[in-house]
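S.K.: predicted model follows, preceded by the sequence.
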Amino acid sequence: MKHLLIILSIILLFSLTIISCKSSDDGSTTTSTGLFVTVGYSGTILTSSDGTTWTERTSGTSIHLNGITYGNSTFVMVGDNGTILTSSDGTTWTSRTSGTPYHSLNRVTYGSEFLNDTFVTVSWNGTILTSPDGTSWDNRTSGTTRNLFEVTYGNGLFVTVGDEGSILTSSDGTSWDNRTSGTSEFLWGVTYGNSTFVVVGSRGTILTSSDGTTWTERTSGVSNTESLLGVTYGNGTFVGVGSGGTIVTSPYGNTWTSRTSGTSTVLRGVTYGNGLFVTVGWEGTILISSDGTTWTERTSGTSVVLLGVTYSQ
């Protein structure tokens, strides 16, 4: 009987070893990747692991959703009427209290410096809110009453842009300084990459800065009748998108090249992740590109306006 128990124990141990190896093999062949999430009108949320196949998610609201970011293992999206939603997986969303129910929150970003995690969202009339976790939000004094349309973080600095050439900077999201942009155009987008901040705006406006303080206007080659509405950086390339299906690219931000998007639809948001640029816009438009040069349209499954897109990484 004793020998039988020993034999059974050996068989069981061998079986568990095989199961364990099989699980390990499965894990090595199925690589966990990040998630693209885009948001838009009427509470629309779509997610995709590859930028090609998109799945609609339930937001729990019909409010227009304007912007989204990812940081500290959390998606944070913002929208009209002070709407803020958070999610750890992009599928299940929780409504948060912004304290500004009458404001349209336009964009949101995330920055982390010396273990200080900060989400920043911007709005009309100079409204700026900050949060350490996406749940509890505080109203900050911006020093301006101008409308703010976009915000980003890079090199230890938050930069937000808005109408009439407005640019504000902050090292902590709390205290803000007004900067001279040298333009009166509406500024719609801002990003950071390759040690450079890049701002885009109306009439093809592009500005660059190494420190967020001193800004230089660049030639975009975009018609004065078109606006650049979003910009991102990835794979050594800045990509700007805008009205009329406009897409421009640049390696350093100083010289720009026009690209063929294959659409005349307004493109509003753009991001980079997992080796892929993704831009979204009117009529549910989604385009993807591995290099910023050649673009392919994907089926979103919706015809609503898509405004913002991000990638979890």
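M.R.: Ah, there it is.
S.K.: the helices in the stretch 201-313 of the chain, which residues?
M.R.: Using DSSP state H, counting those that start in this stretch, the stretch 201-313 of the chain contains no helices.
S.K.: just the strands in it please.
M.R.: All strands of the stretch 201-313 of the chain, identified by DSSP state E, counting those that start in this stretch, fall at 206-209, 216-218, 228-234, 237-242, 247-250, 257-259, 267-273, 276-281, 286-289, 296-298, 306-311.
S.K.: kindly report the same for the stretch 1-150 of the chain.
M.R.: 36-40, 45-48, 55-57, 65-71, 74-79, 84-87, 94-96, 105-113, 116-123, 128-131, 138-140, 148-154.
S.K.: nearest to Asp211, out of the ones you listed?
M.R.: With distances scored as C-beta to C-beta, the stretch of these nearest to Asp211 is strand 148-154 (10.6 Å). Where you see a C-beta, it was placed from the backbone N, CA and C, and this is true even at glycine.
S.K.: show me what the helix or strand following that closest one packs onto, helices and strands only.
M.R.: Remark: after strand 148-154, the chain's next helix or strand is strand 157-162, criterion DSSP states H and E. For strand 157-162, the contact count by 3 or more C-beta pairs under 8 Å, 6 or more residues apart in numbering; DSSP states H and E identifies strand 116-123, strand 148-154, strand 167-170, strand 187-193, strand 196-201 as packing neighbours.
S.K.: can you add mean pLDDT and distance to Ser131 and give the ones you listed back as TSV?
M.R.: TSV is the format used below for these (pLDDT from 0 to 100; distance: least, C-beta to C-beta, whole Å):
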stretch	mean pLDDT	distance to Ser131
strand 116-123	95	5
strand 148-154	98	13
strand 167-170	98	14
strand 187-193	98	20
strand 196-201	98	23
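S.K.: any idea which of the ones you listed is most buried?
M.R.: strand 196-201 (a mean of 28; mean count of other C-beta atoms under 10 Å).
S.K.: sketch out the low-pLDDT regions of the stretch 51-200 of the chain for me.
M.R.: In the predicted model, the stretch 51-200 of the chain carries pLDDT under 70 at residues 115.
S.K.: same thing but at 80, please
M.R.: Regions of the stretch 51-200 of the chain meeting the criterion pLDDT under 80 cover residues 114-115.
S.K.: list the contacts of Leu148.
M.R.: Going by C-beta atoms under 8 Å, 6 or more residues apart in numbering, Leu148 touches 106, 122-124, 126-128, 142, 160-162, 166, 168.
S.K.: revised request: answer the last question for Arg298.
M.R.: Gly51, Thr52, Trp54, Ile286, Leu287, Ile288.
S.K.: quick one: the fourth one from Thr92, how far?
M.R.: Separation of Ile286 from Thr92 (C-beta to C-beta, to the nearest Å): 23 Å.
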